[in-house]
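Chemist: the sequence and its predicted three-dimensional model are supplied below.
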Amino acid sequence: MPSLTEHMTAPSFNSVQIGDELPTLQLPPVNRAMLALFAGASGDHNPIHIDIDAARRAGLADVFAQGMLGMAWVARLITQWAPQSTLRRFEVRFLGITHLGHAMRCAGRVVEKLEYAGERCVRIEVQSANQFGQSKIVGEALVALP
Amino acid sequence: MIDKKWIGHELPVSVILIERGRLRFFAEATGDTRAVYTDAAAARDAGFADLPAPPTFLFAAELDSGASDQLLAKLEIPIAKLLHGEQGFTYHRAVCAGDTVTVRSTISDIYERKNGALEFVVKTSRAHNQHDELVAELRAVLVCRH
């Protein structure tokens, strides 16, 4: 059994293997308060995310989550695994709309060990999917490990 | 149709002062209450000068300044038809509370898919701190659906 201390230790280049999975990050279901808070905190005041009347005028049934909220959650997945200071690159594609009630689960997997710009790095594939298994975000990150 | 003449267009420069309170608000809004993102002393213990801006935070710069809204108006993209297609960050240096970050963006490409049913705008950005050091590069793909 790995000890608690080992779990909490940041990964190192030598200890990490291709195929290793990052501890998943399970988010609570999206609600309107989350969207309102993120609108204020992120600076994205697009009313389509916070005002049901604006969403309906745009032909939608209801408000929906800001893409960057989903990306911020994926960033948490990564920085809970390795400190932010090790993050070199992070890119995602948004595949679909995250609706109210969607409980996103962020997951990641080490797919490559490489040297990049003189540093030993790992490439991680990341994704975020709801409770129905629908993928909303896919992407990858490059992390430099000691 | 988005006029291709905007390829090469430079957005007005956006300057964002990174504030502790805003970063704590962002941490709350993304559900990330770890000490390194909320407590300046813990951030310093982790090697940062102050609370670090989380990996996706700099996207706020052009929302706060209004440059994003101005761009949509110039390109005649109604906000109700706007989707975020892709987002990427390349990190060069930490950004912390107390820093002033200047973001300069260029429209690097405009293209369409599905016979014009979807139009794509690619925006690339460079972010420098108050010491004129490159802190991050950003790449956004905006989608206008018809």
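Modeler: Structure received.
Chemist: enumerate every residue touching the residue nearest to B:Y37 when sequence neighbours are not counted.
Modeler: Setting aside the residues directly before and after it, B:Y37 is nearest to B:A27 in space (Cβ to Cβ, 6 or more residues apart in numbering or on different chains), at 4.3 Å. Glycine gets a C-beta too; all of them are placed from N, C-alpha and C. Contacts here follow Cβ atoms under 8 Å, 6 or more residues apart in numbering or on different chains; on that basis B:A27 touches B:33-34, B:37-38, B:54.
Chemist: quick one: stretch A:84-95 near chain B?
Modeler: Yes - using Cβ under 8 Å from any Cβ of the partner chain, we find that stretch A:84-95 touches chain B at A:84-85, A:87-94.
Chemist: which bits of chain A sit near chain B?
Modeler: Counting by Cβ under 8 Å from any Cβ, chain A sits next to chain B at A:27-28, A:34, A:37-38, A:40-46, A:48, A:54, A:57-59, A:67-69, A:71-73, A:75-76, A:78-80, A:83-85, A:87-94.
Chemist: which among those end up buried?
Modeler: By neighbour count, with 16 or more other Cβ atoms under 10 Å in any protein chain shown, these hold A:27, A:34, A:37-38, A:41-44, A:46, A:48, A:54, A:67-69, A:71-73, A:75-76, A:78-79, A:83-84, A:87-94 as buried.
Chemist: which members of those are positioned in helices?
Modeler: A:34, A:37-38, A:41-42, A:54, A:67-69, A:71-73, A:75-76, A:78-79 (DSSP state H).
Chemist: where's the dip in pLDDT among those?
Modeler: Lowest pLDDT among those: A:A54, with 94.
Chemist: that one against A:A39, yeah?
Modeler: No - taking Cβ atoms under 8 Å as the definition, A:A54 is not a contact partner of A:A39, at 11.7 Å.
Chemist: what stretches of chain A score poorly on pLDDT?
Modeler: Within chain A, the ranges that satisfy pLDDT under 70 run A:1-8.
Chemist: now do the helices in chain B.
Modeler: Using DSSP H, helices in chain B cover B:20-29, B:35-38, B:40-45, B:60-65, B:67-74.
Chemist: is stretch B:76-93 anywhere near chain A?
Modeler: Yes - residues of stretch B:76-93 contacting chain A under Cβ under 8 Å from any Cβ: B:79-91.
Chemist: about what we covered before: just the helices of chain B: most buried one?
Modeler: helix B:60-65 (a mean of 21; mean count of other Cβ atoms under 10 Å in any protein chain shown).
Chemist: hmm, it in reach of chain A?
Modeler: Yes - if you take Cβ under 8 Å from any Cβ as the test, helix B:60-65 does meet chain A, through B:60, B:63-64.
Chemist: count the residues that sit near B:L138.
Modeler: 21 (other Cβ atoms under 10 Å in any protein chain shown).
Chemist: pretty sure it is in contact with B:L58, am I right?
Modeler: Yes - assessed by Cβ under 8 Å, B:L138 is found in contact with B:L58 at 6.5 Å.
Chemist: need the overlap of contacts for these two.
Modeler: B:89, B:103, B:127.
Chemist: which pair of the residues of stretch B:76-93 next to chain A spans the longest distance?
Modeler: Taking Cβ to Cβ as the measure, those span a maximum distance of 32.7 Å, between B:A80 and B:Y91.
Chemist: ok, the closest residue to B:T30 other than its chain neighbours - contacts?
Modeler: Distances taken as Cβ to Cβ, 6+ apart place A:A72 nearest to B:T30, at 4.2 Å, with adjacent residues excluded. Taking Cβ under 8 Å, 6+ apart, we find A:A72 in contact with A:38, A:42, B:26, B:30, B:32, B:54-56.
Chemist: residues from chain B in reach of chain A?
Modeler: Counting by Cβ under 8 Å from any Cβ, chain B sits next to chain A at B:22, B:25-26, B:28-32, B:34, B:36, B:46-48, B:52, B:54-56, B:59-60, B:63-64, B:79-91, B:94, B:139.
Chemist: which of those residues fall in strands?
Modeler: B:82-91, B:139 (DSSP state E).
Chemist: can you get me a residue count around the closest residue to B:E86 other than its chain neighbours?
Modeler: In this structure, B:E86 finds its nearest non-sequential neighbour in B:V141, 3.8 Å apart by Cβ to Cβ, 6+ apart. By other Cβ under 10 Å, 18 other residues sit near B:V141.
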